[in-house]
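*Asks:* Below: sequence and its predicted model.
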Amino acid sequence: HVQLVESGGDSVQVGGSLTLSCAASGPDYTSRFCMAWFREASGKEREGVAIRATAGVTTRYADSVLGRFTASLDSTKNTLFLQMNSLKPEDTAMYYCAIDHWCTFPRPNWGQGTQVTVS
């Protein structure tokens, strides 16, 4: 089992920036291949924002955040970050970190989520 703890959510103004963190721990962490940030806005389905293989550097981004969000992984700290710039009201959502054996995330472990509000 892998535990994920997100932090960094806040209320910010349009055009502002935030950095989210997701710390992973647990004996099974090294067996997981993929980490990602998802978000779920009120009344909408959860969507993938940034997906990254833990052993690589390539990250896939949702079109809606491309060029504004950057995901990075600090392997020494087992922590996934999400740098969010030029925030828009439509970025308002609960942001969740996920980890799984596969980047299709068939059976992910989820964190508890961290709220981002842009107004």
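*Replies:* Received, thanks.
*Asks:* I'd like to know how far the residue nearest to residue 114 when sequence neighbours are not counted sits from residue 74.
*Replies:* Nearest residue to residue 114, sequence neighbours excluded (Cβ to Cβ, 6 or more residues apart in numbering): residue 9, at 3.3 Å. (Each C-beta comes from the backbone N, C-alpha and C, glycine too.) Per Cβ to Cβ, to the nearest Å, residue 9 is found 19 Å from residue 74.
*Asks:* For the two, work out which one has more neighbours and name it.
*Replies:* Neighbour count, other Cβ atoms under 10 Å: between residue 9 and residue 74, residue 9 has more, with 17 against 11.
*Asks:* That one contacts residue 95, doesn't it?
*Replies:* Yes - between residue 9 and residue 95 there is a contact under Cβ atoms under 8 Å: 6.4 Å.
*Asks:* who touches both of those two?
*Replies:* Residues touching both residue 9 and residue 95 (Cβ atoms under 8 Å, 6 or more residues apart in numbering) are 20, 113, 114, 115, 116.
*Asks:* quick revisit: for the residue nearest to residue 114, what is the enclosing helix or strand?
*Replies:* For residue 9, there is no host helix or strand (DSSP states H and E).
*Asks:* so who does it touch?
*Replies:* Taking Cβ under 8 Å, 6+ apart as the criterion, residue 9 is in contact with 18, 20, 94, 95, 113, 114, 115, 116.
*Asks:* now with 7 Å?
*Replies:* 20, 95, 114, 115, 116 (Cβ atoms under 7 Å, 6 or more residues apart in numbering).
*Asks:* How about residue 3?
*Replies:* Applying Cβ under 7 Å, 6+ apart, we find residue 3 in contact with 25, 26.
*Asks:* Need the phi and psi values for residue 91.
*Replies:* Main-chain dihedrals, residue 91, degrees, to the nearest 10: phi -80, psi -10.
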